[in-house]
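Student: quick check, what structure comes out for this input:
(chains A and B)
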Amino acid sequence: MKFSYNWLSEYLEKKLSPSEMVDLLTMHAFEVESMEKFGQDYVLDIKILPNRAHDCMSYIGVAKELAAISGSKFVPPKMNFAEDKKIKAKDFILVEVPAKELCPRYSMRVATEIKMGQSPKWMQERLQACGLRPISNIVDITNYVMLETGQPLHAFDLDKLESAISNFQFPISKQIPNSKSQTKKIIVRRAVDGEEITTIEGKKYKLNQNNLVIADEKVAIGIAGIKGGQGPEIDEKTKIVAIESANFEPTNIRRTSKAFVLRTDASTRFENGLDPELTAMALERCVSLIEEIANGRVAEDLVDIYPNKVKPRKILADVQWMQELIGLPIKAQEMIDILKKFEIFAKILKKEKKTFIEAAVPSSRLDLVAQEDIAEEIARIMGYDKIPATVPSGILIPAVKEDNLIYEDKIKDILVGAGWSEAQNYSFISDEDKKIFKTFKAVEIRNPFSQDQKHLRTTLIINLVKNIKENLKYFDNIRLFEVGHVFSMVDTKPTELNVKIAAVVVNKNTKKPAEGLFELKGLINILTEKLGIDGIWFDDAISGDPPQYWLTFTHPLRRAIVRTDKMAFGGVGEINQTILDALGIKEQISFFELNLPDLVGLATEERAYRPPSKYPAIIRDLAISVEQTTKIESVLNIIETAGGELLQDTDIFDIYEGLAGNKKSLAFRLIYQSDERNLTDEEVNKLQEKIIKAIEEEGWEVRR
Amino acid sequence: MNLKNLRNSALKEILGAKNLEELEKLQIKYLGRKGELTEILRKLKDMAEAQRQKIGKFANQLKWEIEGMVEKKKKELGFLSSVDKEWVDISAPGHKLPKGYLNPRTLVLRKVEEIFQSLGFSVIDSTEMETDYYNFQALNFPKDHPARDMQDTFYLTDEILMRTHTSPNQVRFMEKHNPPLRVIMPGKCFRRDASDATHDSQFYQVEGLMVDKNISVANFKAVIAEFFKRLFGKEVKMRLRPSYFPFTEPSFEPDISCTFCAGSGCKICKDTGWLEMAGAGMVHPFVFKSAGYSPYEWRGFAFGFGLERLVMMKYKINDIRLLNFGDLRFLKQF
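Tutor: Modelled structure (predicted):
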């Protein structure tokens, strides 16, 4: 909120320079976001946080803070005015509050013989310094008092209030020239469903019974605590004003204000809760200014509906507890002296061998409810710089890092070592992304801020593919990975899925088909090998429960599920042409995406070390010619099954495509070894013959 | 021809041969079919017996000597010519091997985690989707409380949202663990805010929590000062400013002396000489109650700071949004 330096200074007996004011507020109360020169004045933008909005969105509130911090005295504003004993407020206005649960207090004062006009220059300047536009003397006075006290006020033109009995002339009006006045009624009630109101600015709102309205006997004349309505507004002809100074239940004001997207200076104050005691004081200040500036005659008394007066509050605070919380042995008496600066009057109380402070809290301090609140007041007035830095004592607990995070680091290092760079993308995707990638189960954000960020990503691939598109402008070879959280609707519930690791690759001008895909298969091999995971294989059948994107955005002939015998934990593949076309990408993109927790689970499984065999290995090569479409994995399976235990390893070392008859040649190196003894040539030859036989039974040809 | 002279000139010429071609010519000159020594050897048969024996012996010796010398020289020259073939330009650039880069955020986070681990804080994982209860209510933000306006929220349903801070994990962690405890909980958070060079709709926070029987504001000051000292590698001036968070009481914010202008005031610190680093405070008894602790039996401090601010300071990055893309021109610099 913006504050005028000159105006604030008026409430302080001992003057502070603008920079002193800024420093004191910053270090003991509120952050000052800026200070700017404004004519002969300075404007301070003071950040009043929600805990003090109820009392410090006001000059008096901030001035009292400054007085307490600087040790100066607070000088209250002038409140003297003369009530005209001949006219009584209650003869002009009656107030009924049927919705008393939403309106703890409703007070009014009346002033007659108003001379409408401009407010004085000094008042206009101050309002402008605070960002308010001067309107007329009466309206400006209500705004001025709101800024000063924090209590929003509203002025009604009494003559324009409608009454039920239209022709009844109340005798008092005869005494007041130029007035058709009679006793009017203000009703504070819930709106009727479907009732409408047009605000002073001419905007129409449709109300319901959750909204509180101020009404005369015929219609709603204001949305309570938020905005006045058309009808009894002040104009240049106004003679009699009724000033409303009320206390409304904060939650209801906040809900209505949010529902109507209508935030005003008044609603902001009401939704933070105000001290009900404030209404009468603000009215006194208001009528004193009306008398001074607008020549008003102030009617006697206030009309005041205040069924449950707030009771004084006391807080019992444990002195030792507060000392230990702050970390400084402040004496109880010192605490009491500090509290006194805030008009908190406290005394020492001994109870069960413990020392307490019993603090009587002023009604204006709604934020002070327990001993920790008292401790804060003491600490900040003393200043946090007075508190020493003390190394905590206590048992040292060994610090650990959770497995997931350790492995996340490890995986990142492996991928970086292999040449991939780490992207960290937005967790959001756009409508268009959702359409292109057909991620129908994406979680929708109910209140998105921009079109690009309407849904949560279901997979890391989408944004990585978009990264590739951008990077292709500058690079021919792109290798990116990301580790991150993804989301999806599960049944009808937004759900956070497993953390994923995804990698993408693009190589411009590559000649071999599916080169990127095999690069990523290789990367998965490096990753799993370095993590100590055995038994990984790639399944081109759709096994496990692949994510939905799997079926929609992969190339149907160039994809595989990554799995162990027990579980599938990811996929590798190429992005299909439809998606590349939709995104305008000309290069082939390959990707993988794996579940991090599954990898961690596999990596942390117990693994026994196996010593290398002491006995020599016997090596035999085997070349087989098969149909072009025969899978290498099928051939390997036959060899390994026939070879049995003594066949320790089978490596494929050459693939030659282009034999006559659309065939290819596969060259394997077979390693025979026992952990227990020397193998003889004879037994290895036997095994080799067994393998050859098995191969020939499949109809494949062994090239001798 | 005097054999002695022949020997001298032959040996001199062979030793002086600069390459294999020259050597071959010399070999022909002396040992070829019409070579000088061959001529002498051919004439032997016409000589008298005594002379023939004397000269013949000497000439044959000379022949072997020259042959040996040629062989030796041949090896020498051959080696030199093979060196010629193996020479490489050592100043040529090294091969371009695949290079990968970690995100700068990861680099700084690792440093942060390492420092806190050395101070006894464990590092805990957490989720990004939260319930209204953990994100707000358990932290003393009742429904419809104006303090919620401090954190504009992306809602997914009435009760499910994207966490606006890492603080929900205070309660989540304490529900599962008994004090004393020291933890940090880093993670991605979301705010429904317009983005600019220093704010974005997503950012990383590092939440810290220390709970024991007797923890004080003074302890917080010591821990956070040590952290800054180790992070910046030198003693940094720090101050605590009062603030407000519903889940801490008292609440404060540690500022450090601006690292760009050393506190004299610049654009980055908005001429204040100070940089806001974190939100912090003493754990509110309400939060202990939410976690099922006896509220006044334990005390603790909690803090949360934005990771991006540290990353931007360390690498002089001027726009936070650069961190949320996979631009290789950016990534290749770390």
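Student: run a quick neighbour tally on the residue nearest to A:Ser72 when sequence neighbours are not counted.
Tutor: Closest residue to A:Ser72 apart from its sequence neighbours, by CB to CB, 6 or more residues apart in numbering or on different chains: A:Lys14 at 3.9 Å. All C-beta spots, glycine's among them, are computed from the backbone N, C-alpha and C. Residues near A:Lys14, counting by other CB atoms under 10 Å in any protein chain shown, number 11.
Student: and the one 3 residues further on, by the same measure?
Tutor: The number of residues packed around A:Ser17, counting by other CB under 10 Å, is 11.
Student: do the one 5 residues further on as well
Tutor: As a burial measure, A:Val22 scores 20 neighbours (other CB under 10 Å).
Student: hang on, it is in a helix, isn't it?
Tutor: Yes. Counting by DSSP: H, G, I helix; E, B strand; the rest coil, A:Val22 is part of a helix.
Student: beta partners of the residue nearest to it when sequence neighbours are not counted?
Tutor: Leaving out its chain neighbours, the residue that sits closest to A:Val22 by CB to CB, 6+ apart is A:Val32, at 4.6 Å. Note on A:Val32: beta-bridge partners A:Ile46, judged by DSSP bridges.
Student: also A:Gly222?
Tutor: The partner residues for A:Gly222, given DSSP bridges, come to A:Ile214, A:Gly228.
Student: any idea how far A:Val261 is from it?
Tutor: 18 Å (CB to CB, to the nearest Å).
Student: what about these two, which has more around it?
Tutor: A direct count of neighbours by other CB under 10 Å for A:Gly222 and A:Val261 places A:Gly222 higher, at 27 against 6.
Student: contact partners for the more buried one?
Tutor: A:Gly222 makes contact with A:His154, A:Ile197, A:Val213, A:Ile214, A:Gly228, A:Gly229 under the criterion CB atoms under 8 Å, 6 or more residues apart in numbering or on different chains.
Student: max pairwise distance over those: which two?
Tutor: Farthest pair in the contacts of A:Gly222 (CB to CB) is A:His154 and A:Ile197. Separation: 13.9 Å.
Student: I'd guessed B:Asn214 sits against A:Glu324; true?
Tutor: Yes. Contact criterion CB atoms under 8 Å: B:Asn214 and A:Glu324 qualify, at 6.0 Å.
Student: what touches both of those two?
Tutor: By CB under 8 Å, 6+ apart, B:Asn214 and A:Glu324 have these common neighbours: B:Arg299.
Student: okay, the two: which has more neighbours?
Tutor: Between B:Asn214 and A:Glu324, counted using other CB under 10 Å, the more crowded position is A:Glu324 (18 against 14).
Student: in three-state terms, how would the more buried one be classified?
Tutor: At A:Glu324 the chain is in helix, as set by three-state DSSP.
Student: got the confidence number for it?
Tutor: What the model reports as pLDDT for A:Glu324 is 96.
Student: isn't it up against B:Ser216?
Tutor: Yes. Applying CB under 8 Å, one finds A:Glu324 in contact with B:Ser216, separated by 6.1 Å.
Student: overlap of the contact sets of these two?
Tutor: Shared contacts of A:Glu324 and B:Ser216, defined by CB under 8 Å, 6+ apart, comprise B:Arg299.
Student: which stretches of chain B form strands?
Tutor: B:122-123, B:129-131, B:160-162, B:181-190, B:202-212, B:238-245, B:248-257, B:274-276, B:278-283, B:299-306 (DSSP state E).
Student: can you list the residues that contact the shortest one?
Tutor: Right, strand B:122-123. So strand B:122-123 is in contact with A:397, A:399-402, A:405, B:113, B:116-117, B:182-186, going by CB under 8 Å, 6+ apart.
Student: please check these and keep the buried ones.
Tutor: Buried by 16 or more other CB atoms under 10 Å in any protein chain shown: A:Ala399, A:Lys401, A:Glu402, A:Leu405, B:Glu113, B:Phe116, B:Gln117, B:Arg182, B:Val183, B:Ile184, B:Met185, B:Pro186, out of those.
Student: turn those into TSV, including pLDDT and distance to A:Gly273.
Tutor: TSV is the format used below for the buried ones among the contacts of strand B:122-123 (pLDDT from 0 to 100; distance: CB to CB, whole Å):
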residue	pLDDT	distance to A:Gly273
A:Ala399	87	43
A:Lys401	91	44
A:Glu402	91	41
A:Leu405	93	42
B:Glu113	95	41
B:Phe116	95	38
B:Gln117	93	43
B:Arg182	95	36
B:Val183	96	35
B:Ile184	97	35
B:Met185	97	32
B:Pro186	97	35
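Student: tell me the one of those nearest B:Gln137?
Tutor: Nearest to B:Gln137 among the buried ones among the contacts of strand B:122-123: B:Met185, at 19.0 Å, using CB to CB.
Student: any weak-confidence spans in the stretch 451-600 of chain A?
Tutor: For the stretch 451-600 of chain A, the stretches flagged by pLDDT under 70 are A:543-544.
Student: pick out the residue of it closest to chain B.
Tutor: The minimum distance from the stretch 451-600 of chain A to chain B, using CB to the nearest CB, falls at A:Asn467 (3.4 Å).
Student: for that residue, what is the enclosing helix or strand?
Tutor: Secondary structure from DSSP states H and E places A:Asn467 in helix A:461-471.
Student: hmm, the helix or strand just after that helix in reach of chain B?
Tutor: Using DSSP H and E, the helix or strand that follows helix A:461-471 in sequence is strand A:477-484. Yes. Applying CB under 8 Å from any CB of the partner chain, one finds strand A:477-484 touching chain B at A:Ile478, A:Arg479, A:Leu480, A:Glu482, A:Gly484.
Student: what do you get for stretch A:398-414?
Tutor: Yes. Stretch A:398-414 reaches chain B (CB under 8 Å from any CB) through A:Pro398, A:Ala399, A:Val400, A:Lys401, A:Glu402, A:Asn404, A:Leu405, A:Asp409, A:Lys412, A:Asp413.
Student: tabulate the residues you listed in TSV, adding columns for secondary structure.
Tutor: Converted to TSV, the residues of stretch A:398-414 next to chain B look like this (three-state DSSP):
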residue	secondary structure
A:Pro398	coil
A:Ala399	coil
A:Val400	coil
A:Lys401	strand
A:Glu402	coil
A:Asn404	helix
A:Leu405	helix
A:Asp409	helix
A:Lys412	helix
A:Asp413	helix
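Student: hey, where'd the helices end up in chain B?
Tutor: Assigned by DSSP state H, the helices in chain B fall at B:3-16, B:20-31, B:36-43, B:49-86, B:104-118, B:132-135, B:168-176, B:217-232, B:285-290, B:307-315, B:328-331.
Student: out of these, which comes closest to A:Ala442?
Tutor: helix B:132-135 (21.2 Å).
Student: burial of residue 201, as a residue count?
Tutor: I'll assume chain A. The tally of other residues near A:Glu201 (other CB under 10 Å) stands at 8.
Student: if you could check chain B rather than the one you did, that'd help
Tutor: The number of residues packed near B:Ser201 is 24, by other CB under 10 Å.
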